[in-house]
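Peer 1: Following is a predicted model, sequence given first.
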Amino acid sequence: MVAASLDMSLFFGTPEQKKEFSSQLLQNLKTRGVVKIRNHSVPESDISRLFELTRQFFALSHEEKMHAKHPPHSSPSRGYSYVGQENISSISGFDKGLSSGGNVRDLKEIYDIGSKDGTAAPNQWIKETSLPGFRSFMESFYATCFQTELQLLEALEVALDMPATSLTDIHLTAQNEFRLLHYPAIPTSELRDGTATRIAEHTDFGSITMLFQDSTGGLQVENQEQLGCFHDVSTESQNEIILNIGDSLQRLTNDTFRAACHRVTYPPSIKADDEEIIPERFSVAYFAKVDRDAFITPRKEFISDAKPCKYEAMTAGEFGNMRFAKLLGGRS
Ligand SMILES: O=C(O)CCC(=O)C(=O)O
Ligand SMILES: [Fe+2]
């Protein structure tokens, strides 16, 4: 099953078109777990610059990147983590009541950025001279993504029949996370015995994730109508946004739709038995988060006698801290 591609210009059209886009969005997230979006409000020129700077960032020397190193106890994540430092298998199955995915190494290096006004944890920057313009571009790209995030949340309010602004109102402090990812080129043999992967199976834990990926391939998402079955999410153009929901929105809607499990492994064109080099891959994930002091408890419109409340009261901040504690436990 392939991920559908939706035209977001409908959202900006007539009220009927907006409704049509919104219900297609929800339907696809419910069944396929992920949807691709084109004609959204992030300018193509910004996405080109984003990939250019992401490549340049990871091409810097280890010392230059370590100038912005992830502080040992930073929660949420901030700054640079080299290959092997963060292994997401420590939180595989986290909110699904499953045991973790064991001790699988992720062969990725990452750089995490939060809001520039955030109080949760300070951003960590490389020297301006290492990559001139990097910081100012990333700060402004964060703000651009925030506007698109609010539009997508509005579309979900429409599709879910929620009161207007009920989702956007709990996202106004923009305490989001923004992650640059680089998966270095590796021989297929590195992934063969299952002790290492590019990124292990997991769900995201914010409300929605907007992902940008290059054309390398390897991203897979669990089919929501056939759990346990993963399908490839290829990309026609790096300008598409790949959208999935996270645990917080699953909780808020009392499982009306579920956070889809996803992972990155071999690109579809390469098989485990081939003796080949898997090319390097770049992606950027923008994780929209519910405001830290807002509750992610199921809202009353999603609770009924037939569908009792599944989750206890908890703020987004408390939920995030729980999850980061687990992730920090898996760091080397
Ligand atoms: O690199 C990708 O395409 C996915 C990254 C991801 O799932 C994450 O960072 O949560
Ligand atoms: Fe993810």
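Peer 2: That came through, no problem. Ligands and ions are numbered 1, 2, ... in the order given.
Peer 1: Assess the claim that E86 and D106 are in contact.
Peer 2: Yes - in this structure E86 lies within contact range of D106 using C-beta atoms under 8 Å: 6.5 Å. (Glycine included, C-beta is placed from N, CA and C.)
Peer 1: The two - which one has more neighbours?
Peer 2: D106 (26 against 22; other C-beta atoms under 10 Å).
Peer 1: Bridged to the more buried one, which residues?
Peer 2: Here D106 shows beta-bridge partners T197, assigned using DSSP bridges.
Peer 1: hang on, it packs against I199?
Peer 2: Yes - applying C-beta under 8 Å as the test, D106 and I199 come out as touching, 5.2 Å apart.
Peer 1: Just give me the residues shared between the contact sets of these two.
Peer 2: Here D106 and I199 have I88 as joint contacts, going by C-beta atoms under 8 Å, 6 or more residues apart in numbering.
Peer 1: Could you name the specific helix or strand carrying whichever residue of the stretch 201-332 of the chain sits closest to ligand 1?
Peer 2: Here the stretch 201-332 of the chain gets closest to ligand 1 at one residue, S283, 3.5 Å apart by C-beta to the nearest ligand atom. In this assignment (DSSP states H and E), S283 forms part of strand 281-288.
Peer 1: That strand: partners in the sheet, and parallel or antiparallel?
Peer 2: When pairing is defined by DSSP bridges, strand 281-288 lines up against strand 177-183 (antiparallel), strand 208-213 (antiparallel).
Peer 1: how about the residues of the stretch 151-300 of the chain near ligand 1?
Peer 2: Within the stretch 151-300 of the chain, the residues that sit near ligand 1 (C-beta under 6 Å from any ligand atom) are 179, 181, 199, 204, 211, 213, 219, 262, 264, 283, 285.
Peer 1: same thing but 8 Å
Peer 2: Taking C-beta under 8 Å from any ligand atom as the criterion, the stretch 151-300 of the chain approaches ligand 1 at residues 179, 181, 183, 198-199, 202, 204, 209, 211, 213, 218-219, 242, 262-264, 281, 283, 285, 287.
Peer 1: Just list whatever residues bridge to I37.
Peer 2: The bridge-partner assignment for I37, based on DSSP bridges, gives L6, I241.
Peer 1: OK, contacts around it?
Peer 2: Going by C-beta under 8 Å, 6+ apart, I37 touches 5-6, 8, 25, 152, 240-243.
Peer 1: P76 and N123 touch, don't they?
Peer 2: No - the pair P76 and N123 does not pass the contact test of C-beta under 8 Å, sitting 10.9 Å apart.
Peer 1: Give me the common contacts of those two.
Peer 2: Contacts common to P76 and N123, judged by C-beta under 8 Å, 6+ apart, are G114.
Peer 1: Could you check which of these two has the larger neighbour count?
Peer 2: Neighbours around P76 and N123, counted as other C-beta under 10 Å, are more numerous at P76. The numbers are 21 against 18.
Peer 1: Doesn't the more buried one belong to a helix?
Peer 2: No - the assignment for P76 (DSSP: H, G, I helix; E, B strand; the rest coil) gives coil, which keeps it out of a helix.
Peer 1: start at 6 instead
Peer 2: All set: I'll call the first residue 6, so the last point we hit is now P81.
Peer 1: Please tell me how far it sits from D174.
Peer 2: Between P81 and D174 the computed distance is 22 Å (C-beta to C-beta, to the nearest Å).
Peer 1: Kindly report the same for E206.
Peer 2: When C-beta to C-beta is the yardstick, E206 and D174 sit 32 Å from each other.
Peer 1: out of those two, which sits in the busier spot?
Peer 2: Between E206 and D174, E206 has the larger neighbour count (other C-beta under 10 Å), namely 21 against 13.
Peer 1: Surely the more buried one is in contact with V269?
Peer 2: No - using C-beta under 8 Å, E206 and V269 do not qualify as a contacting pair, with a distance of 9.7 Å.
Peer 1: Spatially central residue in the chain, please.
Peer 2: Ranked by distance to the mean C-alpha position of the chain (C-alpha atoms, centre = their mean), the top residue is T214 at 3.9 Å.
Peer 1: beta partners for it?
Peer 2: Applying DSSP bridges to T214 gives these bridge partners: N249, F292.
Peer 1: Test my guess that it contacts S253.
Peer 2: No - in this structure, T214 sits apart from S253 without contact. The criterion is C-beta under 8 Å, and the distance is 10.8 Å.
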